[in-house]
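Trainee: Sequence first, predicted coordinates after that:
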Amino acid sequence: MQPGHRFGPFTVLTELASGGMGRIYLARSPGGRLVAVKTLLTVGEDDRRRFAREVGLAQRVRGVYTASVVEADAAAEVPWMATEYVPAPSLKDLVERCGPLAPRALYWVAAGMAEALVSLHTAGLVHRDVKPSNVLLPLDGPRVIDFGISQAHDVTRTEVALGTVAYAAPEQARGEPTTTASDVFSLGATLFHLAVGRAPYRDGGAGPALEQLVRAATGDLDVAGLPGELEALVLPCLALDPARRPAPADLLAYCSQRLDGAADAHRGWLSPAWTAEIERHRTERLRVVEEARRLVDPEAPTGPVPAPGRTAALATAPDGRGRLPGPPARRTRVWWAVAAAAVAVTGSVLAVVRPWEADARSIGAPVEPLRILEVESVRQGLCYPDKEWAQLPPGESPPPEGRSFTSDNRDECVVAKDTGGMSVQRFQDVRVVRARTGDGWKVAVTFRDADRAAFAELTGKVAERPEPENRLAFVLGDDRLVSSFLIMSALTGGNAEITGEFNRNQADALARALGAP
């Protein structure tokens, strides 16, 4: 669906994300309300029935701390569901970028999440996938999102659908029936993550999927590092016996007592780093919304756009050293296209070298470090088709998680080597440039002197390998495949052009993600 297309009364502005079974678009109503429209990509009868059931379940939910359904049509040619759009970072993003949450603010977030679970459970639903990435945090309170694997109390299940294993209750990991108490365990695991910076299972839930599953199924917890004042809130939620876990209403009452009814004091409870990141994310998303709206309706009056924030490289961190503690955040999916490109060794520039015109020059850091990884293998199609290994081609094993990346156009899976490669924390220059022909745009980056030698050495090493190992993959943050390139010879000039038949808006979004203001 392109900008300007419609789902019912909602006009598409841009694509927000894509997954195994669907895509999510940012759209607006005739009155200007912003919504996130989830669509179903495959439209077999079984898929339609599952989607219709998900819509029916989600429409039951009404609550301040959930992203409610606005409208839906499961019977449309492309089935869709519109929910409230929340321009806010997830708890996962915030912890990774800004560090753990202080206890006072944690009680506030816990109260909102507990209230959301009260709404869900009152509607007869079990969420089954409560985790840090499924909770957004605007400054007016958390929003629990994504009821994609929610389960009605009155539906008989014949198989288990796991959420993220690191936050799943032991009974859920064992394939036993999930109940409201399972959501409480996941809430406790999420709160533990907020307080400590990792999941409560041994090794923080890291490692191969089978090991994670065994740890969860056996309740192999490691709660070291939890502040003592939070033990009475978090540890009861993590009880291995579901019957011993508190009800969400009890958690809500407990948190309310510790907040002293000061519902408006949350700005003071959040650290300056958390508040700044929430506001920066909102500013960035509203800017993208405005640019997308102008593409759809260029004659419309310009809406209010917040002043641009500073890049991550220039922001002052709590530690006073010009950077925020902890690993960089995984950002909301940006909507640029991804394309494989050949490398022409002319002027040491990636892709075919063409004269280009400069636009805005900037010096800054990516919102997430850009990893340049050596490629192990490439195959057509999704890396993880709906996370169901049975859907892979016969005889083919699942690709290794953590180093397998699906292109945004969903037709290529790139597996990176587990050794080698390099990371770029900052570029000397990031530009949006126009291609010589047509209306396409590219993003040109210039490496700093400190990275040029490493880039030249890496490209020289990769160029000597057979296909497909003579490729490099550009990965933003944890899992964002920006592009993959065929390397013909060492590139020593320190410049790279990222191409993908981008329109101007897409190129601008990519440039901002790489450090441009």
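Mentor: Here it is on my side, so go on.
Trainee: isn't Thr226 right up against Val234?
Mentor: Just so we're on the same page, residue 226 is Leu rather than Thr. Yes - using CB atoms under 8 Å, Leu226 is in contact with Val234, at 6.1 Å. The way it works is simple: take the backbone N, C-alpha and C, and place the C-beta from them, glycine included.
Trainee: Now do the longest helix along the chain: distance to the chain's middle.
Mentor: With secondary structure taken from DSSP state H, the chain has its longest helix at helix 272-296. Computed by CA atoms, centre = their mean, to the nearest Å, the chain-centroid distance of helix 272-296 equals 15 Å.
Trainee: in that helix, what's buried?
Mentor: For helix 272-296, the neighbour count (16 or more other CB atoms under 10 Å) marks 273-278, 280-289, 291-293, 296 as buried.
Trainee: next one: stretch 455-463
Mentor: Those buried within stretch 455-463 under the rule 16+ other CB under 10 Å are 455-456, 458-459, 462-463.
Trainee: Any stretches of the stretch 401-517 of the chain with poor pLDDT?
Mentor: Applying pLDDT under 70 to the stretch 401-517 of the chain flags the ranges 408-411, 435-439, 500-503, 505-506, 517.
Trainee: how about the helices in it?
Mentor: Per DSSP state H, counting those that start in this stretch, the stretch 401-517 of the chain carries helices over the ranges 449-463, 504-513.
Trainee: Would you mind telling me which of those is nearest Leu94?
Mentor: Evaluated over the helices of the stretch 401-517 of the chain, closeness to Leu94 peaks at helix 504-513, with 17.6 Å, by CB to CB.
Trainee: Need the contact partners of stretch 81-90.
Mentor: By CB atoms under 8 Å, 6 or more residues apart in numbering, the surrounding residues in contact with stretch 81-90 are 7-8, 10, 26-27, 34-38, 51, 54-55, 58, 67-72, 74, 97, 132-138, 143, 145, 277-278, 281-282, 285-286, 289, 329, 332.
Trainee: Can you go through those residues and name the buried ones?
Mentor: Applying 16+ other CB under 10 Å to the contacts of stretch 81-90 flags 7, 10, 26-27, 34-38, 51, 54-55, 58, 67, 69-72, 74, 97, 132-137, 143, 145, 277-278, 281-282, 285-286, 289, 329, 332 as buried.
Trainee: returning to what we had before: Thr178: which of the helices of the stretch 401-517 of the chain is closest?
Mentor: Taking the helices of the stretch 401-517 of the chain one by one with CB to CB, helix 504-513 is closest: 36.3 Å.
Trainee: Pull that closest one out as CSV, backbone CA atoms only.
Mentor: Extracted in CSV, the C-alpha atoms of helix 504-513 (Å, rounded to 0.1, in the frame of the first residue of the first chain):
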residue,chain,number,x,y,z
ARG,A,504,13.3,11.7,-0.9
ASN,A,505,11.3,11.0,2.2
GLN,A,506,12.7,7.5,2.6
ALA,A,507,16.3,8.7,2.1
ASP,A,508,15.7,11.5,4.7
ALA,A,509,14.5,8.9,7.2
LEU,A,510,17.5,6.7,6.6
ALA,A,511,19.9,9.7,6.8
ARG,A,512,18.4,10.7,10.2
ALA,A,513,18.8,7.1,11.5
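Trainee: Also compute the angle for that helix relative to helix 272-296, please.
Mentor: Between the axes of helix 504-513 and helix 272-296, defined by axes from the mean of the first three to the mean of the last three CA atoms, to 10 degrees, the angle is 170 degrees.
Trainee: quick check: domain ranges of the protein?
Mentor: 6-85, 91-269, 340-513 (automatic domain parsing).
Trainee: Show me where the stretch 51-200 of the chain dips below the pLDDT cut-off.
Mentor: The model of the stretch 51-200 of the chain has pLDDT under 70 over residues 147-163.
Trainee: Tell me where it has helices.
Mentor: 91-98, 103-122, 170-173, 180-196.
Trainee: Glu45: neighbour count?
Mentor: When neighbours are defined as other CB atoms under 10 Å, Glu45 has 7 of them.
Trainee: Got phi/psi on it?
Mentor: phi -60, psi -40 (degrees, to the nearest 10).
Trainee: Look at it and report its pLDDT.
Mentor: Glu45 carries a pLDDT value of 78.
Trainee: Tell me the spacing between it and Leu382.
Mentor: Distance of Glu45 to Leu382, computed by CB to CB, to the nearest Å: 21 Å.
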